[in-house]
Every structure is written in structure tokens, then in C-alpha cells.
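Novice: test case, fold it:
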Amino acid sequence: MKKIECIIKSKKMTELEEALKLLGIRGMTVSEVKGFGNQQTRPDAFLFLPKTKIEIYVADDEVEPIVQTISNICKTGQPGDGKIAIFDVHELIRIRTGERGEVAV
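Specialist: As a prediction, the model looks like this:
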């Protein structure tokens with residue numbers, strides 16, 4: 001199992017959400033965050049820009065289509081497009097039922 005975490009421009013969220021639903025994503029967590037990256041232009045002060053952070057737990061074989069979808073929709077070629085991180089998940093537990101592993105996704 002994997003956790004896909006991405007930080008994107010907030011204006012891309014609606015389009016990305018629709019595309020992920022078409023892929024059959026069963027759930028995700030979305031947070032409004034602020035941050036800065038390589039586009040930082042003022043060395044004397046941080047310029048925190050609004051972004052959207054998405055977290056998705058998936059089976060290993062679902063990772064690549066999701067990453068491709070995120071990249072295709074969120075890439076503008078301009079600074080601030082965001083990042084995608086993929087983490088190994090050793091155990092996942094659905095609190096409500098106690099189910100463990102991929103059935104808990």
C-alpha cells in the first residue's frame with residue numbers, strides 16, 4: 001500500500017477531484033495549506049502562498065495512474081505547480097470496523 005501526498009495550486013482542485021473520481025478513488029483528505037518553494041523571490045521575508053494538500057491511500061497498482069492524472073492536470077509549466085510524494089504504508093486500519101491492510105483502503 002502507498003500514501004500519495006501532493007501539494008497543488010488551489011485553483012486546480014475541482015478539475016483534479018473530478019478526474020480522480022473517474023479513476024475510482026474511494027477517498028481522500030484535502031487540506032488548505034500555505035507554503036513557499038523555489039519561486040521564493042524575497043530573500044529577506046517568506047512569502048507563504050495558499051495551496052491545497054491532498055492525501056490518498058491506495059493499493060500499489062493504483063499509484064501510477066493517479067500520479068499521471070495529478071501531473072497532467074496540475075502541470076502548468078510555471079513555478080508553484082507543486083509536488084507529489086509517495087510513501088510506503090506498512091499497515092492501514094479502518095477504525096470503524098477494525099479491518100486491516102488493503103481492505104481498509
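
Novice: tell me the helix or strand right after the longest strand along the chain.
Specialist: When the chain is parsed with DSSP state E, its longest strand is strand 49-58. As assigned by DSSP states H and E, the chain's next helix or strand after strand 49-58 is helix 63-74.

Novice: ok, and what's touching that next one?
Specialist: Outside of helix 63-74, the residues within contact range by CB atoms under 8 Å, 6 or more residues apart in numbering are 2, 4, 6, 8-9, 12, 15-16, 19-20, 23, 25, 54, 56, 58, 81-82, 84, 86. No exception for glycine: its C-beta is placed from N, CA and C like everyone else's.

Novice: try stretch 97-105
Specialist: Residues outside stretch 97-105 that contact it (CB under 8 Å, 6+ apart): M1, R26, G27, Y57, V58, A59, E91, L92, I93, R94.

Novice: from these, which land in strands?
Specialist: Under the assignment DSSP E, the contacts of stretch 97-105 contribute Y57, V58 to strands.

Novice: and the buried ones among the contacts of stretch 97-105, selectable in ChimeraX?
Specialist: Command for ChimeraX that selects the buried part of the contacts of stretch 97-105, burial taken from 16 or more other CB atoms under 10 Å:
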select :1,57,58
